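J.: Predicted model and sequence below, questions to follow.
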Amino acid sequence: MFWYMVILLSICGQVLPQQNNVCRTMKDYYAMDNNPNCWHNEIVGASVPDIITKTGRPFAVYNVTTNDGYIITIFRMTNKDSPNKKMNSVFLQHGLITTSANWVSLGNDSLAFQLHNNGYDVWLGNYRGTQYSEEHINFSVNDDEYWDYSVDDVALGDIPAAIKFIFNETGNKIIYVGHSLGSTFGLMYGSEHPEEVRKYIKLMVLTAPAYTLSNIRTSLGLAAPFVDTIYTASKYYGFIKIASFGQTTKDIAKIICMDSPKTMNSCFTFISLIYGPKNGIKPEMYPAYFDQHPSGTSLKLIKHVASFVGNSFRKFDYGVRNIGIYNSFLPPTYDISKIVVPTAVIYARNDWLTTKYDSINLYKSLSRKARFAIHEIPEENFNHIDFMFGTKAKDLYIDYLLDMFNNNSPSTE
Ligand SMILES: *[C@@H]1O[C@H](CO)[C@@H](O)[C@H](O)[C@H]1NC(C)=O
Ligand SMILES: *[C@@H]1O[C@H](CO)[C@@H](O)[C@H](O)[C@H]1NC(C)=O
Ligand SMILES: *[C@@H]1O[C@H](CO)[C@@H](O)[C@H](O)[C@H]1NC(C)=O
Ligand SMILES: *[C@@H]1O[C@H](CO)[C@@H](O)[C@H](O)[C@H]1NC(C)=O
């Protein structure tokens with residue numbers, strides 16, 4: 001019976017052509033079969049391990065336990081044949097409500113694959129609560145306790161655990177690359193433990209970094225105050241884990257956004273109002289985008305992110321409990337001038353979420369010693385998620401990063 005199934009499946013696999021799942025224009029999505037403007041993109045609907053192994057690159061998975069008991073999964077593409085003897089390790093950390101799939105969305109033109117093509121040892125982080133990291137030594141994702149974490153807990157829990165693990169495995173100082181909230185984690189870790197970070201990380205690259213979001217242009221800025229109300233209400237009514245659980249929100253988003261080409265287009269237009277209305281993301285990338293978002297996270301973390309709108313970059317605000325927890329009425333501020341590791345900032349002019357002005361402000365707030373480079377994407381229509389899904393991402397910043405790493409990277413002491 002087993003072999004019969006195997007044979008049957010392999011025959012089917014060969015006979016059935018893979019269905020078209022992406023198209024060049026919105027119009028083509030209405031009739032995808034036998035349409036020369038549509039094709040099958042393997043990345044849509046596939047897991048990161050599947051996407052990477054299909055390319056034939058050496059792939060490994062590691063589970064790392066944080067100090068507070070979360071088990072996070074890290075992916076790796078090694079480079080055993082690299083001519084570069086001192087294989088440089090690069091750790092890529094994704095942002096809010098997504099996963100490491102972001103780093104491979106553009107296929108061969110994605111940052112993760114481009115780094116690997118150039119001889120780097122590439123590691124991909126997935127922080128707690130996202131679909132690849134849902135384990136805890138004591139809790140399951142069905143427990144409220146599991147979802148009781150803020151940005152602080154990821155930045156000072158998941159990130160150090162991952163970085164120390166990689167350092168121990170490779171003996172190399174690491175290049176840390178974050179996108180959006182992934183950059184925030186680096187800023188917090190670097191401010192809180194500057195010497196430790198200097199020991200393990202040789203360069204921090206912050207793309208579309210979320211620091212204080214004073215110049216946010218999206219209407220999400222207006223929504224920020226309501227996050228508090230939703231958070232309080234959800235705790236009171238006990239739906240914190242539903243709202244936090246990735247799969248549920250993802251399914252809802254899929255039902256709404258992937259219902260028809262029309263809804264997909266409307267959803268993408270709406271999304272663009274958050275990230276920057278003008279962009280270089282083609283309709284053929286929309287299915288990959290909706291496939292990856294939103295991934296799971298906690299409402300507590302979202303509430304914390306909302307507190308950065310305005311001029312604040314503090315630890316989580318526990319209100320009256322701050323005195324007991326922090327010994328002060330207000331939560332302590334992360335002082336990014338304490339960062340000592342060389343830091344590069346990459347931003348886009350048309351990013352409505354993490355804006356040019358907030359990025360420049362971030363860079364100016366770093367110490368002279370930490371300022372390594374600041375780079376504006378030389379293109380008007382490039383927004384927050386063009387970094388991951390934009391057709392021109394390779395030309396407009398990945399090549400710049402490769403050049404920085406190959407030629408200019410600060411030497412390891
Ligand atoms: C990592 O954890 C997952 C989930 O518990 C498990 O399925 C997988 O086998 C583990 N992998 C390794 C390499 O330990
Ligand atoms: C896990 O449970 C054990 C036994 O109850 C407890 O000692 C430990 O502190 C817990 N750890 C975490 C991180 O919750
Ligand atoms: C992938 O990108 C590299 C450049 O990094 C290029 O040399 C190679 O031809 C590309 N491969 C494919 C299959 O497009
Ligand atoms: C460090 O690596 C060694 C050998 O590779 C391993 O035995 C040890 O458990 C690792 N330590 C940590 C903290 O990961």
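T.: Yep, that arrived. Numbering: from 1, shown residues only. Ligands and ions are numbered 1, 2, ... in the order given.
J.: alpha carbons only for contacts and neighbour counts from here, please
T.: Will do.
J.: hey, which helix or strand in this protein has the poorest pLDDT?
T.: Least confident element among the helices and strands of the chain, by mean pLDDT, DSSP states H and E: helix 2-15 (a mean of 41).
J.: So in terms of bridging, what pairs with Met77?
T.: When assigned by DSSP bridges, Met77 has beta-bridge partners Phe59, Val122.
J.: In contact with it, which residues?
T.: Applying C-alpha atoms under 8 Å, 6 or more residues apart in numbering to Met77 gives the contacts 57-60, 116, 121-123.
J.: how about the helices of the stretch 101-250 of the chain, start to end?
T.: Along the stretch 101-250 of the chain, counting by DSSP state H, counting those that start in this stretch, helices occupy 111-117, 151-153, 159-170, 181-192, 194-200, 220-237, 240-244, 246-257.
J.: Mean pLDDT lowest where, among those helices?
T.: For the helices of the stretch 101-250 of the chain, the bottom mean pLDDT is recorded on helix 240-244, which sits at a mean of 52.
J.: And the residue nearest the centre of this protein?
T.: His94 (1.6 Å; C-alpha atoms, centre = their mean).
J.: Near ligand 4, which residues of the protein are found?
T.: Contacts of the chain with ligand 4, taken as C-alpha under 6 Å from any ligand atom, map to 165, 168-169.
J.: Quick one, which of those residues are buried?
T.: Phe165 (16 or more other C-alpha atoms under 10 Å).
J.: okay, the residues of the chain next to ligand 4 in JSON lines with distance to ligand 2 next?
T.: Shown next, in JSON lines, are the residues of the chain next to ligand 4 (distance: C-alpha to the nearest ligand atom, whole Å):
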{"residue": "Phe165", "distance to ligand 2": "18"}
{"residue": "Asn168", "distance to ligand 2": "22"}
{"residue": "Glu169", "distance to ligand 2": "24"}
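J.: For Trp39, which non-adjacent residue is spatially closest?
T.: Closest residue in space to Trp39, ignoring its immediate chain neighbours: Asn20 at 4.5 Å, by C-alpha to C-alpha, 6 or more residues apart in numbering.
J.: just Glu192 next, same as before
T.: Nearest residue to Glu192, sequence neighbours excluded (C-alpha to C-alpha, 6+ apart): Tyr334, at 7.0 Å.
J.: For the residue nearest to the centre of the chain, give me its contacts.
T.: Counted by C-alpha under 8 Å, 6+ apart, His94 has contacts 100, 102-103, 125-126, 178-182.
J.: for the residues you listed, which one is nearest ligand 3?
T.: Nearest to ligand 3 out of the contacts of His94 is Trp103 (C-alpha to the nearest ligand atom; 14.6 Å).
J.: Might one say that Ala162 is in contact with Val64?
T.: Yes - the pair formed by Ala162 and Val64 meets the contact definition of C-alpha atoms under 8 Å, at 6.8 Å.
J.: Look at these two and report which has more neighbours.
T.: Remark: of Ala162 and Val64, Ala162 carries more neighbours, 25 against 18, as counted by other C-alpha atoms under 10 Å.
J.: Can you tell me how far that one is from Gln93?
T.: Distance, Ala162 to Gln93, by C-alpha to C-alpha, to the nearest Å: 10 Å.
J.: hey, what's in contact with both of those two?
T.: By C-alpha under 8 Å, 6+ apart, Ala162 and Gln93 have these common neighbours: Gly125.
J.: State the distance from the residue nearest to the centre of the chain to Asn265.
T.: Taking C-alpha to C-alpha, one finds His94 at 25 Å from Asn265.
J.: what does Met204 give?
T.: Applying C-alpha to C-alpha to Met204 and Asn265 gives a distance of 36 Å.
J.: what does Thr99 give?
T.: 22 Å.
J.: And for Ile325?
T.: 46 Å.
J.: Quick check on the two: which one has the bigger neighbour count.
T.: In this view Ile325 and Asn265 are compared by other C-alpha under 10 Å, and Asn265 has more residues nearby, 16 against 12.
J.: now the more buried one, nearest residue through space, not along the chain?
T.: Met26 (7.4 Å).
J.: got it, and Ile159?
T.: Nearest to Ile159 is Phe185, by C-alpha to C-alpha, 6+ apart, at 7.2 Å.
J.: about what we covered before: anything in contact with each of Ala162 and Val64?
T.: Common neighbours of Ala162 and Val64, using C-alpha under 8 Å, 6+ apart, are Ile74.
J.: does stretch 108-121 come close to ligand 3?
T.: Yes - counting by C-alpha under 6 Å from any ligand atom, ligand 3 has neighbours in stretch 108-121: 108, 114, 117.
J.: Drop anything exposed from those residues.
T.: Applying 16+ other C-alpha under 10 Å to these flags Gln114 as buried.
J.: Tell me how many other residues crowd the closest residue to Thr25 other than its chain neighbours.
T.: Closest residue in space to Thr25, ignoring its immediate chain neighbours: Pro283 at 5.7 Å, by C-alpha to C-alpha, 6+ apart. Using other C-alpha under 10 Å, Pro283 has 20 neighbouring residues.
J.: which residues sit in contact with Pro283?
T.: 22-26.
J.: What are the phi and psi values at it?
T.: Dihedral pair for Pro283: phi -50, psi -30, per degrees, to the nearest 10.
J.: In three-state terms, label Arg349 for me.
T.: coil (DSSP: H, G, I helix; E, B strand; the rest coil).
J.: Surely it is in contact with Ile377?
T.: Yes - Arg349 lies in contact with Ile377 (C-alpha under 8 Å); the separation is 7.1 Å.
J.: Can you pull out the low-pLDDT segments for the stretch 251-400 of the chain?
T.: 251-255 (pLDDT under 70).
J.: What are the boundaries of the strands in it?
T.: Assigned by DSSP state E, counting those that start in this stretch, the stretch 251-400 of the chain shows strands spanning 343-347, 371-376.
J.: Ok, which of the ones you listed comes nearest Phe316?
T.: For Phe316, the closest of the strands of the stretch 251-400 of the chain is strand 343-347, at 24.4 Å, according to C-alpha to C-alpha.
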